[in-house]
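**Q** I would like to see how this sequence folds:
(chains A and B)
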Amino acid sequence: MTAADARFVAAYERHYRRVYAYCRRRVDADHVDDVVADTFLTAWRKVEELPVEDEVLAWLYSIAYRHIGHQWRGSSRRRRLSEKLRNIGVEPVERPDEVVVVGYESSLAIEAMARLKKSDRELLRLSIWEQLSQQEMATVLGIKPGAVKQRLFEARKRVTKEFNRLENKPSTSSLQERTS
Amino acid sequence: MRTTQEVLSFIAEANPVPDADTSTIPQVESGAYLVALGRRAESATDPDRPLRVGVVAVAAVVIIVVALSALVLLLNSEPEVVAPDPESIITEFVTATDISNLENTLTDAGMLTYRDASRPASPDEVNEDVIANGFEATQILGFVYTVERCSEPLPTVFRCMVSFRSHISEAFGNDPLEEVFTFYVEDGRITTGSGEFGWDIRERGEIEFFVFAKEAGLEEALIEACPNIRDMVPSCAHFMMDHLDDWVAWSQAKDGDR
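**A** Model (predicted):
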């Protein structure tokens, strides 16, 4: 095993679970294994670019982030199908793995988050779910740390606004009934 | 009315995987996993493989057609007629037809970046007006996409270097944004595939312009011109263009302070 291979293996063993969890939070269960495998395969091919230990996880997340982006076409097709089904009065079947049992407020928070830009949603997830620092978030998204600070501030403000709008909307009562 | 902190805690509670999975991980002992991973990827996900097959198939068909044509010409036509070079046919096909189509596709895609395609769309949200407004706004903002250096011509997939610029990026002196894009031919239409995450081209415009407008005391005019910051309308694009020079000066002064 070369020194580069050894570094890769160390990164793999140390971070596999967190990368898996990162991907699982963002893609269907059916695609997680593929995205994780592609992420590590890319990391393996780019092993010469493997950063110092403190930055490895964010680096792996940035690769995963790109691979997850490639899943967009598939999910986009599913969404179009769902919309067409709804238009003709058929409620699409919800996939079992997409049913997440959470409280009403959390459901509402997820709905509020879905109304944000994709990059804003990702910032919130990185901050809240992955607990990354602003520097690490900048690495994942490929932007400047200063931009992270500003965008995160805006994203928090927007999600709160959307949440309050949803909570005060009468139609959300049906969601409340569904989830209670 | 919930506070930001409360909303963030609700998001935290909604984490579908609160802790990293502690199940076993595929072993990498002796590099076996890596070898398997590499084989899997090459056989299942290597995008170049079907493409290479496609190129060979197309080239073979073209060569056969050209050869037959040449034979027919040789037998029946004037002797001075020269058969076209198969390679020039392929090049002409790609440059003349597909690249122009790709640039049109990108113009549409660029307009669509004014909406987050992944958002759940309500029926009243997607309509002709939104599309027309978005398209007009991109024209006002001077969106220009250039497609170049396409990889081999293929039946269903193209890989090209795409660069983007606008009046905003030019005013700020930014180099064109460049990214390799993959295009797919689906149902006779060319669609963009990858690159969505790389097309946050409004980053500077969306975030910084609104900060600038507020600081410059233009908030009321901003709200009037840009009633919905998510769906760009021509009045908002005009407003941005009208204040472009001030915005650049403000931004440069701000960068200087840092």
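
**Q** use CA for all of it now, contacts and neighbours both
**A** OK.

**Q** center of chain A, which residue is that?
**A** Taking C-alpha atoms, centre = their mean, the centroid of chain A lies closest to A:R26, which sits 3.8 Å from it.

**Q** From chain B, how far off is the nearest residue to A:S127 once chain neighbours are set aside?
**A** Closest residue in space to A:S127, ignoring its immediate chain neighbours: A:S133 at 7.2 Å, by C-alpha to C-alpha, 6 or more residues apart in numbering or on different chains. Remark: distance between A:S133 and chain B (C-alpha to the nearest C-alpha, to the nearest Å) = 16 Å.

**Q** Counting neighbours, what do you get for A:S133?
**A** 14 (other C-alpha atoms under 10 Å in any protein chain shown).

**Q** related to what we said a few turns ago, just confirm the residue nearest to the centre of chain A is within a helix.
**A** No: A:R26: not assigned to a helix; according to DSSP: H, G, I helix; E, B strand; the rest coil it is coil.

**Q** May I have the residues that are in contact with it?
**A** By C-alpha atoms under 8 Å, 6 or more residues apart in numbering or on different chains, the contact list for A:R26 reads A:I68.

**Q** Let's see the pLDDT reported for it.
**A** With respect to pLDDT, A:R26 scores 82.

**Q** go on, the one 4 residues further on?
**A** Per-residue pLDDT puts A:D30 at 72.

**Q** can you give me the helices for chain A?
**A** A:3-24, A:29-45, A:53-70, A:72-87, A:104-114, A:118-128, A:134-141, A:145-167, A:172-179 (DSSP state H).

**Q** Without its sequence neighbours, what residue ends up closest to the residue in chain B that chain A sits nearest to?
**A** At 4.6 Å from chain A, B:F10 is the closest residue in chain B, using C-alpha to the nearest C-alpha. Using C-alpha to C-alpha, 6+ apart and skipping the chain neighbours, the partner closest in space to B:F10 is A:S106 (4.6 Å).

**Q** Test my guess that the one you found contacts B:E13.
**A** Yes: applying C-alpha atoms under 8 Å, one finds A:S106 in contact with B:E13, separated by 6.3 Å.

**Q** In chain B, what helix or strand scores lowest on average pLDDT?
**A** The weakest-scoring helix or strand in chain B, judged by mean pLDDT, DSSP states H and E, is helix B:86-92 (a mean of 31).

**Q** Low-confidence stretches in chain A?
**A** The model of chain A has pLDDT under 70 over residues A:1, A:70-102, A:170-180.

**Q** Just want the residue of it that's nearest chain B.
**A** A:S106 (4.6 Å).

**Q** check contacts around that residue.
**A** B:F10, B:I11, B:E13, B:A14.

**Q** Can you tell me which of these has the most neighbours?
**A** Most surrounded of the contacts of A:S106: other C-alpha under 10 Å gives B:I11, at 24 neighbours.

**Q** which SSE is it in?
**A** Assigned by DSSP states H and E, B:I11 belongs to helix B:4-13.

**Q** other SSEs contacting that helix?
**A** Packing partners of helix B:4-13 (3 or more C-alpha pairs under 8 Å, 6 or more residues apart in numbering or on different chains; DSSP states H and E): helix A:104-114, helix A:118-128, helix A:145-167.

**Q** is the last one anywhere near chain B?
**A** Looking back up the chat, that one is helix A:145-167. Yes: if you take C-alpha under 8 Å from any C-alpha of the partner chain as the test, helix A:145-167 does meet chain B, through A:R151, A:R156, A:K157, A:V159, A:T160, A:F163, A:N164.

**Q** Just the closest of those residues to A:L124, please.
**A** Closest to A:L124 out of the residues of helix A:145-167 next to chain B is A:R156 (7.4 Å), distances taken as C-alpha to C-alpha.

**Q** does B:T146 count as helix, strand or coil?
**A** Following three-state DSSP, B:T146 is assigned to strand.

**Q** how many neighbours does it have?
**A** If we define neighbours as other C-alpha under 10 Å, then B:T146 has 19 of them.

**Q** Hmm, it is touching B:P176, no?
**A** No: using C-alpha under 8 Å, B:T146 is not in contact with B:P176; the gap is 9.7 Å.

**Q** Touching both of these two, which residues are there?
**A** Taking C-alpha under 8 Å, 6+ apart as the criterion, B:T146 and B:P176 both touch B:S163, B:F164.

**Q** that older thread, what distance do you get for the residue nearest to B:F10 to B:M232?
**A** According to C-alpha to C-alpha, to the nearest Å, A:S106 and B:M232 sit 30 Å apart.

**Q** now swap in A:A4 and tell me
**A** 48 Å.

**Q** Neighbour count: those two, which is higher?
**A** Legend: neighbour count by other C-alpha under 10 Å for A:A4 and B:M232, higher for B:M232 (26 against 14).

**Q** In three-state terms, how would the more buried one be classified?
**A** coil.

**Q** Assess the claim that it and B:A137 are in contact.
**A** Yes: the pair B:M232 and B:A137 passes the contact test of C-alpha under 8 Å, sitting 6.5 Å apart.

**Q** pLDDT weak spots in the stretch 101-250 of chain B?
**A** Regions of the stretch 101-250 of chain B meeting the criterion pLDDT under 70 cover residues B:101-132, B:134, B:147-159, B:179-207, B:228-231.
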